[in-house]
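In: Here you go, sequence then predicted model.
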Amino acid sequence: MTRILLAVASLSLAAAAGADELPHEWHLAGQIKTCADGPIHRTFTLTAHDQIEPIGMSFRADQMEFTGAGRPPVLEACVGDTVTLLVENADKMAHGIDSHAFFIAPEHFGPVDAGGSLSYTGVMTVPGAFMFHCASGPVTDVHIKSGMVGEMVVYPRTGLRPAKEIAIVQGGFWGDPDSNGLVSPDTTRIMHNDPWAIAFNGRLEHETVHVRTHELIRVYFVNAGPGASSVHVMGTMLERFYPSGNPENVERDVQTGLVPAGGGASFELRLPEPGMYMLVDHDNLRFVPLGMAIPLMAE
Ligand SMILES: [Cu+2]
């Protein structure tokens, strides 16, 4: 597959990383900044293409992607905003887009052939942490498992407490590394729902999230699958857990929050004393040696 670096016009992306360098991981604008003006019309331009990405631990992955950012894209909007999703297909095969944040007939999702583009527009009426993914008919599953996933955060316009905000997308890598450490999608593993690794944010190494002791942390979480994610933070509880990321749904003081495949959640927690705490999927601890843990550091 060819390596094509393409800018994404409406996303604020860090400069392209070096050959084996991972991009910065924590990059949300957040609710306060995103919802400061508006409601407004936001257009997110996504470019479908293939790319070989460093994923950490000296591995690289051959990915289908929506951006050149080296991570699942996170799109931020607010309730009441009008959102246009525009996919420009720079790949050699057909791709589309299905965002779970929309109420719209699925025929709008595509796919569109190589060289083409598609778009649709809707008003965001429900807050949440929504998955979006390629929609390419019978091969949709293969494209999702090849990396074509992202998160769309629709913030409530008011009512959130100030917090350190981060976004996490859980997904997998679906091939055994070759002798050069290159992971390519393997159709047998894909068909058997048997990932080589399950990973957060499309990478095996993570930047530490730094907070003050007792500072509120809010996580916007999407699980692309396979299987449900059992989100747990060692050493503390989830003070509030909002299934689908909608503040109307609230569980309090839970040890582990359940996020279905194709679903999302937001949740809030605090770190009780200085130290390093790890966010994990408690049902997939076998992948911790491959980096499946987000370090949260209280100082
Ligand atoms: Cu696709």
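Out: Sure, I can see it. Residues are numbered from 1 along each chain as shown.
In: And residue 157, its phi and psi?
Out: In terms of degrees, to the nearest 10, the main-chain angles of residue 157 are phi -70, psi -30.
In: what residues does this structure put near the ion?
Out: Residues of the chain found near the ion (Cβ under 5 Å from the ion) are 95, 134, 136, 143, 148. No exception for glycine: its C-beta is placed from N, CA and C like everyone else's.
In: which ones among those residues are found in helices?
Out: residue 143 (DSSP state H).
In: And the residues of the chain next to the ion, which two are furthest apart?
Out: 136 and 148 (8.3 Å; Cβ to Cβ).
In: Tell me the residues that contact both of these two, please.
Out: Common neighbours of residue 136 and residue 148, counting by Cβ atoms under 8 Å, 6 or more residues apart in numbering, are residue 95.
In: who has more neighbours, the two?
Out: The neighbour comparison of residue 136 against residue 148 (other Cβ atoms under 10 Å) goes to residue 148, with 27 against 24.
In: give the contact list for the more buried one.
Out: When contacts are counted by Cβ under 8 Å, 6+ apart, residue 148 touches 48, 64, 65, 66, 95, 133, 134.
In: From these, pick the one nearest residue 252.
Out: Closest to residue 252, out of all of these and judged by Cβ to Cβ, is residue 133, at 30.9 Å.
In: got the contact list for the closest one?
Out: Per Cβ under 8 Å, 6+ apart, neighbours of residue 133: 97, 98, 140, 143, 144, 148, 149, 150, 224.
In: any idea which of these is closest to the ion?
Out: The shortest gap between the ion and any of those belongs to residue 143, at 3.3 Å (Cβ to the ion).
In: Can you get me a residue count around the residue lying closest to the closest one once chain neighbours are set aside?
Out: Leaving aside its sequence neighbours, residue 143 sits nearest to residue 134 (Cβ to Cβ, 6 or more residues apart in numbering; 3.9 Å). By the measure other Cβ under 10 Å, the count of residues near residue 134 is 29.
In: Go ahead and confirm residue 134 touches residue 141.
Out: No - contact criterion Cβ atoms under 8 Å: residue 134 and residue 141 do not qualify, at 9.7 Å.
In: Residue 32 - that's part of a helix, no?
Out: Yes - using DSSP: H, G, I helix; E, B strand; the rest coil, the assignment for residue 32 is a helix.
In: Quick check: buried residues in stretch 150-170?
Out: By 16 or more other Cβ atoms under 10 Å, the buried positions in stretch 150-170 come out as 150-157, 160, 163-170.
In: can you give me the offset of it from its chain's centre?
Out: 12 Å (Cα atoms, centre = their mean, to the nearest Å).
In: Kindly report the same for stretch 235-243.
Out: Centre-to-centre, stretch 235-243 and its host chain are 19 Å apart (Cα atoms, centre = their mean).
In: Contacts for that stretch next, please.
Out: With Cβ under 8 Å, 6+ apart, stretch 235-243 has contacts from 216, 231, 249-259, 263, 265-272, 275, 277.
In: Is it possible to mark the buried ones in those residues?
Out: Judged by 16+ other Cβ under 10 Å, buried ones among those: 216, 231, 254, 256-259, 263, 265-271, 277.
In: Out of those, the closest to residue 109 would be?
Out: Distance ranking of the buried ones among the contacts of stretch 235-243 against residue 109, using Cβ to Cβ, places residue 263 first at 18.0 Å.
In: quick one: the closest one from the ion, how far?
Out: Residue 263 sits at a distance of 20 Å from the ion (criterion: Cβ to the ion, to the nearest Å).
In: Skipping adjacent residues, who's closest to that residue in space?
Out: residue 223 (5.9 Å).
In: Repeat that for residue 112.
Out: residue 118 (4.4 Å).
In: hey, what's that neighbour bridged with?
Out: Following DSSP bridges, residue 118 is listed with bridge partners residue 87.
In: how far away is it from residue 111?
Out: 8 Å (Cβ to Cβ, to the nearest Å).
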